Structure formats: C-alpha cells, structure tokens
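Engineer: quick one, fold the following:
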Amino acid sequence: CETCSYKTIQSAITAANTNDTVEVKRGIYKESPILITKSIKLKGIESPTLDGENKEHVVDIVSDNVIVDGFTIINSGVSDIREFAGIHVENAKGCELRNNTLENNTYGFYFAKTTDCILENNSSIGNAKDEISGGNGIHLWSSNHFKIIKNKISKHRDGIYFEFSTELLIEENESFNSIRYGMHFMFASNNKFYKNHFYDNSTGVAVMFSNNIQVKDNLFERSRYGSSYGLLVKDITDSEFINNVFQDNTIGITADNATRNKFIANQILRNGWAFNIMGNCELNEVRENNFIGNVFDLSTNTRENLNTYEKNFWDAYKGFDLDRDGTGDKPYLPVRFFSYWVNIYPFLMVLFQSPIIEFLEIAERAFPVMTPVELKDKYPQMKKFAL
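Structural biologist: Numbering: from 1, shown residues only. Prediction:
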C-alpha cells in the first residue's frame with residue numbers, strides 16, 4: 001500500500017521468499033505485467049484493483065503453486081498475435097485462482113501447459129465485439145487435471161474454451177452473452193461437466209472431436225439466433241448426456257457424426273427443433289426423455305435410422321394405451337414431413353404452417369413414403385417423466 005514498506009506489488013514479490021504471502025491493501029495498482037516467478041500467495045485485502053493499462057498480461061504466472069485471491073483485474077492488452085489475459089499461467093502446476101473479478105480483458109484466464117489447478121468463484125466480463133478480436137473467458141490449451149467451479153463468465157468470444165485438455169471437472173459455472181459458444185471443447189476428452197448454466201449465448205455448448213464426456217444436470221437455454229443450438233455435438237463418441245434441460249433454443253440439440261452416445265432423462269422443452277440428428281450418426285441411444293412444447297420434435301437428413309429411440313415422452317403423440325401399461329399401443333414416428341424436408345432445404349421454412357404443408361403432413365401420416373419410417377419410438381410413454 002502507499003504507506004507500506006513496499007509500495008509496488010512487484011517489489012514485494014521480488015522480496016518474498018518461497019511460500020510467503022504478499023498482502024495487497026485496497027487501492028489501484030497500475031503495474032503491467034505483474035510477474036510471479038516463485039511459489040507465493042498473492043492476497044487482496046478489500047479487492048484491490050490491478051490495472052494493466054491495456055498493455056499486455058495484467059498478471060503473468062510462470063511458477064508452480066501460486067495462489068491469487070481477492071483482486072479486481074482490469075484492462076489487459078489487445079493484440080493480433082498474442083493472447084493477452086487478465087491472468088496468464090504457463091508451464092506451471094498447482095495454481096489456485098479464487099475470488100477474483102476480471103473486467104475488460106481480452107482473455108480472462110489463459111492457461112497453457114498447466115496442470116492440477118483450481119479456478120473457483122471468479123467472474124470475468126469481457127470486451128469481445130466479434131470472433132476475430134475477442135478472446136475467451138477461461139481458456140485452457142494442453143492443460144490437464146483442473147477443477148473449474150462456480151465461476152461467472154460473460155461477453156467473451158467463448159465463455160469457456162478447452163483444447164487438448166483432459167481430466168477436467170467443470171461444475172456450477174454460469175456462462176452467458178458469449179459471441180460464439182458458452183463453452184467449447186476441441187480435442188478435449190475424458191472430461192465432466194455438471195450443474196452449469198449456459199444462457200443467452202449464440203450457441204450454448206459445442207463438444208467437438210472428443211470422447212468420453214459426461215454431461216449431467218446442466219441447463220441450456222435461450223440460444224435463439226437463426227442457427228443457434230443449446231448443445232452441438234460433432235465428431236464425438238462414447239459420451240453421456242443425462243438429466244439436462246434444453247429450453248427456449250432455436251435448436252435444442254444437434255448431433256453431427258456422433259457415435260455410441262447416450263441421451264437419457266433430459267428435458268427438451270419449447271425449442272424450435274428439439275433434436276436435429278444427422279444421417280452420419282449411429283449407435284446412439286435416446287431414451288426416457290421428455291419432448292414437450294417443441295415446434296419439431298426430431299429432424300434428420302436421411303431416411304435411414306442407425307440409432308435407438310425408446311421410452312420417451314412426446315407431447316405430440318396421439319396414440320392410445322388400451323392395456324394401461326403406460327406405453328402407447330402404436331409406435332411414434334417423431335420426424336414430420338416438413339421437418340425432414342426443411343432440414344434438407346432450409347429455404348422451405350417460409351412455407352411453415354401453410355395450408356399445402358398441413359395437407360401434406362396429414363397425407364404423410366396416413367401413407368408415409370417420404371419420412372424415415374424406421375426412425376420410431378416403439379415404446380412411447382403416455383405420461384411425462386418427473387425428471
């Protein structure tokens with residue numbers, strides 16, 4: 001502080017020994033970057049502000065076992081060739097970043113070749129105006145064994161981004177108002193995300209080129225642009241999507257080249273398209289989900305069916321249950337005539353609810369010749385699940 005023996009943070013860090021705590025009292029500190037090259041705890045008292053003055057990283061960590069707790073961190077640099085961040089960590093392990101508030105940084109938290117870190121109870125409000133100039137709120141590249149818990153991320157390109165990163169636990173975070181994705185996986189396998197909330201993003205979450213992802217108890221809502229998804233899964237295998245809620249999205253779930261995945265006990269509510277599954281998807285299970293209030297329950301671009309649909313509740317199902325076993329007596333064909341063709345020729349959407357389409361829908365239900373008749377739920381449920 002101004003009356004302390006050390007008046008700058010960097011001078012105190014330089015004087016500190018390994019495992020010391022450097023306490024920083026309330027105030028505005030214009031030092032950029034604050035470089036941490038030893039294992040210390042940097043503790044903010046009454047949330048002091050670290051102002052990077054739009055130069056480069058605000059805090060740069062290149063040592064193991066560093067703790068940064070309780071700061072407001074603002075104004076990182078902007079560059080076309082470097083990823084400037086509020087907190088940048090590289091070639092380190094064992095870091096803990098807690099209770100920090102980041103504002104107006106290109107990247108919020110940037111990790112490269114980092115392991116065994118905890119990121120908890122932080123917030124980052126970005127300054128992204130487009131995909132090219134914007135950075136991500138939490139960015140992991142080639143970083144493993146993280147716990148990312150109870151963080152709040154908004155106004156970045158991607159709220160949370162993982163590439164070549166494994167063994168991550170992502171739990172109870174909020175990601176909203178992202179330009180591109182609320183969360184984005186690229187070549188990031190063997191990860192778990194539970195109880196997160198993704199809302200008002202262009203797309204909620206994109207999981208790409210990954211396998212063995214566990215997705216449970218998350219809420220995906222209000223991704224409402226022309227081709228927005230609550231969840232996009234592309235080129236993924238052997239993953240589980242259980243007990244999530246997808247509501248008020250243009251498309252609840254889109255699956256492209258997805259294999260051996262399980263979609264079980266999800267609530268898929270009031271979306272334009274509930275589930276859009278491409279013809280290159282196979283051996284997926286869609287079971288015991290509620291499909292309620294969607295314009296189209298299921299759409300695809302092929303007449304073949306290589307996936308399993310069983311025991312879902314479809315509010316559009318009009319069958320009977322004469323034996324009262326809770327299962328409809330007739331299978332349900334969830335792909336409507338119009339949803340099938342508009343998936344192949346999107347411009348046909350201008351005909352939605354026109355009399356000619358309604359007539360063709362009735363004719364197709366009576367004599368199905370165009371829609372994939374093998375894509376059916378053989379055991380549609382008569383009552384919705386209490387999920």
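
Engineer: distance of F162 relative to E131?
Structural biologist: As for F162, its distance to E131 is 17 Å (criterion: C-beta to C-beta, to the nearest Å). No exception for glycine: its C-beta is placed from N, CA and C like everyone else's.

Engineer: more neighbours, these two?
Structural biologist: Comparing F162 with E131 by other C-beta atoms under 10 Å, the one with more neighbours is F162, at 30 against 11.

Engineer: the helix or strand hosting K192: what's the following helix or strand?
Structural biologist: Using DSSP states H and E, K192 falls within strand 191-194. Using DSSP H and E, the helix or strand that directly follows strand 191-194 along the chain is strand 197-199.

Engineer: which strands and helices sit next to the helix or strand that that following strand is followed by?
Structural biologist: Sequence-wise, the next helix or strand downstream of strand 197-199 (DSSP H and E) is strand 203-211. Using 3 or more C-beta pairs under 8 Å, 6 or more residues apart in numbering; DSSP states H and E as the contact test, the elements touching strand 203-211 are strand 181-186, strand 213-216, strand 219-221, strand 229-237.

Engineer: out of the ones you listed, deepest packed?
Structural biologist: Among these, strand 181-186 has the highest mean neighbour count (mean count of other C-beta atoms under 10 Å), at a mean of 26.

Engineer: now it: average pLDDT?
Structural biologist: The average pLDDT within strand 181-186 is 97.

Engineer: packing partners for it?
Structural biologist: Short answer (3+ C-beta pairs under 8 Å, 6+ apart): strand 181-186 packs on strand 158-163, strand 174-176, strand 197-199, strand 203-211.

Engineer: so which of these is nearest I13?
Structural biologist: Of all those, strand 158-163 sits nearest to I13, with 28.7 Å by C-beta to C-beta.

Engineer: picking up where we left off before, any chance of a markdown table for the helices and strands packed on strand 181-186, columns mean pLDDT?
Structural biologist: Shown next, in a markdown table, are those (pLDDT from 0 to 100):
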| stretch | mean pLDDT |
| --- | --- |
| strand 158-163 | 97 |
| strand 174-176 | 98 |
| strand 197-199 | 98 |
| strand 203-211 | 97 |
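
Engineer: hey, which of those is tucked in deepest?
Structural biologist: strand 158-163 (a mean of 28).

Engineer: how far off centre is the helix or strand immediately after it in the chain?
Structural biologist: Going down the chain from strand 158-163, the next helix or strand is strand 168-171, by DSSP H and E. Distance of strand 168-171 from its chain centroid, counting by C-alpha atoms, centre = their mean, to the nearest Å, is 11 Å.

Engineer: stretch 76-92 now?
Structural biologist: 22 Å.

Engineer: quick one: residues in contact with that stretch.
Structural biologist: By C-beta atoms under 8 Å, 6 or more residues apart in numbering, the list of residues contacting stretch 76-92 from outside reads 32-33, 52, 54-64, 66, 68, 73-74, 95, 97, 100, 102, 104-114, 117, 124, 133, 135, 139.
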